[in-house]
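# got a predicted structure plus its sequence, pasted below:
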Amino acid sequence: MITAEQKPLSEIIEYISPYDRILLVGCNECVTVCAAGGRKEVGLLASALTLHFLKQGRTIDIKEITLERQCDPEYVEELVSEIDRADAILSMACGCGVQTIAERYKEKPVFPAVNTKFMGASESQGIWVERCRGCGDCLLGITGGICPVARCSKQLLNGPCGGTSNGKCEIDPDVECAWCLIWERLKALGMEKRYEEIMEAKDFRPAGGGGPRKIIREDLSL
Amino acid sequence: MQKLKDNQHNKSNGRSVLVIGGGVGGIRAALDLAESRRNVVLIDTSYSIGGLMTQLDRTFPTNNCDLCTVSPHLSENTRQIHLDLKPMTQLEQLTGETGNFKATLVTEPRYIDIDKCTACGECHKYFPEAVRFTPGLDPRAPTCMRYPQATPYAFSIDMEKVTDINALKKVCKADAIIPDDTQKKVTIEAASIVLSVGAQLFDPAILDNFGSGQFENVVTGLEYERIMSASGPFQGDLVRVSDKKPPKKVAWIQCVGSRGINKADVPYCSGVCCMYALKEAIVTKERFAESIETTIFYMDMRTYGKDYELYLNRAKNDYGVRMIRSRPHSIIEDHKTKDLSITYAVEEEVLTKTEAFDMVVLSTGFRIPETTIDLARRLGIELNLHNFAKTDHFNPVKTSRPGVYVCGVVESPKDIPETMVQASAAASMAASNLPAIMDVPESENDFIPERDVSGEEPKIGVFICDCGLEIGGVVDVDKMVEFAGARPDVVVSQAVGYGCSSDSMALIEASIKTNNLNRVVIGGCSPRTHETKFQDLLRRAGLNKYLVEIVNLRDQNTWAHMGQPKEALDKAFKLLGIGISGVRKSRPLMDQTLPMNQNALVVGGGVTGMTAALQLAGQGVKVYLVERSAGLGGLAKSIRKTIQGDEVGPFMNQLIDDVTAHENIQVLTRSIIVDHSGIPGRFKTGIQTGPRMNYMQLDHGVTILATGALPNRPDAYGLGTHDSIVTQLELDVLIEDNPEKIKAMNQVVMIQCVGSREPDNPNCSRICCQAAIKNALRIKAIDPDIQIFILYRDIRTYGFQEDYYRKARDLDVKFIRFSLDNKPEVRVENNRVSVFVDDVILGRKIQIETDYLALSTGMIADDETTEDLSMMFHLPRTSDHYFLEDHVKLRPVDMSVRGFFIAGTTHSPKTIQESITQAYAAAGRAQTLLAKRQINLGAAVAKVDGSKCAACLVCVRACPFSIPFINEDGYSQIDPAKCQGCGVCAADCPAKAIQLLAFEDDQIMAKLDGLFGGLN
């Protein structure tokens, strides 16, 4: 899942203060689940903004709408009936959503209300952790299901560095050393031999090093 | 719903149960019967019910205010159509027999028509001398009316004190005063009688050594409760009576008038005073000042109830309550300062000490008053030597007269939870003389069908009470009527005087019909007391009951702002605006129902499970009795005799025969529970049964857990290393089966609290003191020359067990006290067992050679079983692995999951008699649910809009009851039958896909609109 966090209110206010009619668009996917831009957050942000401008003696018109997914043009199309009544769009989706809207409604300014963070997994209620960098060439099969690219601070591929200590990373005692985890896991699986296999330098082109990435599935394209 | 309905059902349905005494026990018994659709007549000599509990300040272990816990139970009864409440009434005569009694009841004149009285208080205001009313507990009322829920909610008049009846009549705007009211005598038919008249508290003024009644700063426990109470004489300030200054040092003296042999003493233990003294000491520190020094002078600390030992430890360790083991002889008052000094001896020191205190509280216990002895005579029941009701040893709610049952303190001294248990047990026994529950027809719903208002535009009627001067005296009712009338959609706006009076209710009902109203706003008092009444009014008028909104103009406005009429009027407008705007969005809601499965599952085939099963089976309920071992009987089968000398074996054999032979009971031995699903009233439980462990699914509406506890066998004092070191259970068997071996002994030592009251098992096992004394007395009966030493920490022979303790001392059983940090030591030399213990009197360690060492090992929870079952059934447990009941005070056999009840030692350690009582109670409580036939699912439940749900799992994680789940269609589903309506999921849902019905977002927003005038 893509995780996000709401931007500081002051930044959002700065974006939209020139406009009187705002279309505030939430997304019912990832940002709902990580409580950054679902229907509830849309309502809360709308109230906060209304209050802010009211205190300044200004009434602004905020239209709330939450789409099923902002990263699909069909859903974004649903804004058509509202778009004319808006001076600007404030999106609470991830960067994909914001850009899908911007591309469809070229005549209106679109502003992000959240900062898109990372691809994360839910550790427990209210806590999300980074688990994948989208490197395009998954190593999890040989690292015991623990990703050194996403979870090792240095993205090392052949064991820990000298900064590992009692299973923790030197950058922060709360961060676990990924290679420690990998070793423990391999041991538990009886696959210690794997550890001895040297991994060659990783090709980071599929990770984005080769420019913007794209998937084309000819079997699916219409 | 404050009024008592003179209902048709009682009259037409013939026999009922007569409950005598309207304290918590009597109320519980009456409610249980009424909920099981049995007709009940509840009488009490007082003009309102509630008894002693309503006078207490707070109750342990949570230190909650009692009034708040008890008052819903009191008002609950007025909603029962099967309950006929007769205050100011006594039993004059009882003739006939079980199932066919004729009871003559005499009701004193009240001089007030309780159907008309609105409890407005005008009469009391003008004639305080002549008018009685319980809520007068709080002089600061009405702004902090601690107890506004008197039942009946009406005044009464003391006619002897009335000088001018016409003036009094004139004051009453409701025209409720009946000057020529007379004594009334009626004879009712009753199938059974339940006696629950409680007892009095001992008045220590008769003792000349404690100065009670002479020294102002010496008070009784109950007086101290009243002083601390917000509704008490000092408005909740803890101060000395003499100078109204807060005390710095308070002392409690225990056992005043109890456990004594001197004049005016009673020999028994009152059972509750240790806990209430601890509670009062803790509350003193908690609520008033940590710095107040609290000291308790006691003989034995008797915290034998469930988790009570933890409360004692908290008092000592967390609050620093000082505990001194000493029984002071007297209190001396300093005439000038009114300070009090106590001289006391402690056993560790040679000389006595004298210490001054600012206040002394005398912990007084229960006494049976003459009126009860007299009542017992009229009832034809025998009393025991202490004048408490004499009861059957294997059924402590059965008196000597068949058909007459007893519960609460009048049976023996006991606290609130045990009274509640006995009350439910007595109700269950009383019901067994009535036709079986399955044959009682369901009462009919006499409401007309609801009108469908879904397509209609809102047509709101606003009715505003003046409540005498309570509202009308502060704000102008006409202005409010005018304001409300000008709101959109309001078609009727009018003043209705006392809105809750029968005249006004009729007027509102007529207005709804003639004006075709579809929403109603009542501007009056608190919905807490009056919402149900107006909801019923709407139903009578053919509207859904959720279409009414109560605006609290009195409690939250005119009472709170009595001195600011202008601002109060302003606020009244706002409150009305909220109500009118909110009611517009009210929707008709259905209290959903499902048919109830009428079978019961009883888990555990010991004495408790069998008793409960038999009781339910006798009422026509099909019972599955599941037992994991190969035979019925449980732990009780290994006990030979009770302390009263009754043989347990024959009783158990009879019980097993009865259960096995009963056509309504299916006994499933060698069976374990493997899965469980369903909702209260429709459970499905899977078991594996028989030698082949075949799977079988049982459908049942209720479940009684009676899985018992285990005899503890800790590795202590050499248990298991020598043939002569045994447990009390083993000694019990030996005494009965092999008295010759006992005869050959010279000395026997017993050690108490083995494996109990220790850090790894901190609670008291409750049964061991009486077990040790029982065995000691039986050994003495075999050979009085055998020397018996009982090494103990506190002797906890509560209630009448104290008689046996005294007898043991009389027979020269030697009691030697030890403490947790100086425990006895057991040594085996040359195959002889010796016990070494410090003797405080001799001041040295002594060695006692013993032929037999009996260890009082008590009980321990069956952790494995309770853990499995608590996971399967979603039930909470205590920290020491017993099941945890729903409310330790008021619902001691109900579990937090509806439809589950617990009884016996799976609740906490207890004797056979206590287990049997709880078994009857659980069966009785189960019947109240089974009697419903239908499961009411309520209306305020969470509802998911699947199209909005993002399946984010927040509700699944947030729900405290684990109800939501993601269904096959990929969205959250909440079973309305299980939803508790707490609203946590609705608040947390990031997709706003969940709404709590009756509290939906648009309703709350509409109310805010009404308040802020549409700023959004």
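Looks like it arrived, so ask away.
# residues contacting the nearest residue to residue B:631 once chain neighbours are set aside?
In this structure, residue B:631 finds its nearest non-sequential neighbour in residue B:669, 6.3 Å apart by CB to CB, 6 or more residues apart in numbering or on different chains. The way it works is simple: take the backbone N, C-alpha and C, and place the C-beta from them, glycine included. Applying CB atoms under 8 Å, 6 or more residues apart in numbering or on different chains, we find residue B:669 in contact with B:605, B:627, B:628, B:629, B:630, B:631, B:632.
# the helix or strand containing residue B:672 pairs with which strands?
Take DSSP states H and E as the rule and residue B:672 turns out to sit in strand B:671-679. Its sheet considered, strand B:671-679 pairs with strand B:682-689 (antiparallel) by DSSP bridges.
# ok, the residue nearest to residue B:631 to chain A distance?
43 Å (CB to the nearest CB, to the nearest Å).
# ditto for residue B:18
Distance from residue B:18 to chain A, by CB to the nearest CB: 55 Å.
# which parts of the helix or strand bottoming out on mean pLDDT in chain A are buried?
Counting by mean pLDDT, DSSP states H and E, chain A has its least confident helix or strand at helix A:192-196, which shows a mean of 90. For helix A:192-196, burial by neighbour count (16 or more other CB atoms under 10 Å in any protein chain shown) applies to residue A:195.
# let's see it as PDB, backbone CA atoms only.
Provided in PDB are the C-alpha atoms of helix A:192-196 (Å, rounded to 0.1, in the frame of the first residue of the first chain):
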ATOM      1  CA  GLU A 192      22.600 -20.700   5.900                       C
ATOM      2  CA  LYS A 193      24.400 -21.600   2.700                       C
ATOM      3  CA  ARG A 194      22.500 -18.900   0.800                       C
ATOM      4  CA  TYR A 195      24.300 -16.400   3.000                       C
ATOM      5  CA  GLU A 196      27.600 -17.400   1.600                       C
END
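# what's next to it, contact-wise?
A:142, A:143, A:144, A:159, A:182, A:183, A:186.
# sitting in helices, which of those residues do you find?
Members of these lying in helices (criterion: DSSP state H): A:182, A:183, A:186.
# let me see the contact set for residue B:332.
Contacts of residue B:332 (CB under 8 Å, 6+ apart): B:340, B:341, B:342, B:343.
# ugh, wrong one, residue B:598
Per CB under 8 Å, 6+ apart, neighbours of residue B:598: B:438, B:621, B:622, B:701, B:930.
# just give me the closest of those residues to chain A.
residue B:701 (34.8 Å; CB to the nearest CB).
# since we're on the residue lying closest to the closest one once chain neighbours are set aside, how many residues are nearby?
Excluding the flanking residues, the one nearest residue B:701 by CB to CB, 6+ apart is residue B:597, at 3.9 Å. Residue B:597 sits with 20 neighbouring residues when counted by other CB atoms under 10 Å in any protein chain shown.
# just to be sure, residue B:597 is in a helix?
No. Counting by DSSP: H, G, I helix; E, B strand; the rest coil, residue B:597 is not found in a helix; it is coil.
# residues contacting it?
Contacts for residue B:597 (CB under 8 Å, 6+ apart) come out as B:681, B:682, B:683, B:699, B:700, B:701.
# skipping its backbone neighbours, what lies nearest whichever residue of the stretch 651-800 of chain B sits closest to chain A in space?
Going by CB to the nearest CB, chain A is nearest to residue B:677 of the stretch 651-800 of chain B, at 25.4 Å. What sits nearest to residue B:677 in space, not counting adjacent residues and going by CB to CB, 6+ apart, is residue B:684, at 5.1 Å.
# can you tell me how far the one you found is from residue B:962?
17 Å (CB to CB, to the nearest Å).
# out of those two, which sits in the busier spot?
residue B:684 (14 against 10).
# okay, now residue B:878: neighbour count?
18.
# correct me if wrong: it contacts residue B:310.
No. Residue B:878 sits out of contact with residue B:310 when judged by CB atoms under 8 Å, with a separation of 9.2 Å.
# ok, back up a step: list phi and psi for the residue nearest to residue B:701.
Backbone torsions for residue B:597, taken as degrees, to the nearest 10, come to phi -70, psi 130.
# could you list every residue that touches residue 92?
Picking chain A for this. By CB under 8 Å, 6+ apart, the contact set of residue A:92 is A:6, A:24-27, A:31, A:36-38, A:41-42, A:45, A:113-114.
# hmm, no, I was thinking of chain B.
Here residue B:92 is in contact with B:104, B:105, B:106, B:185, B:378 (criterion: CB under 8 Å, 6+ apart).
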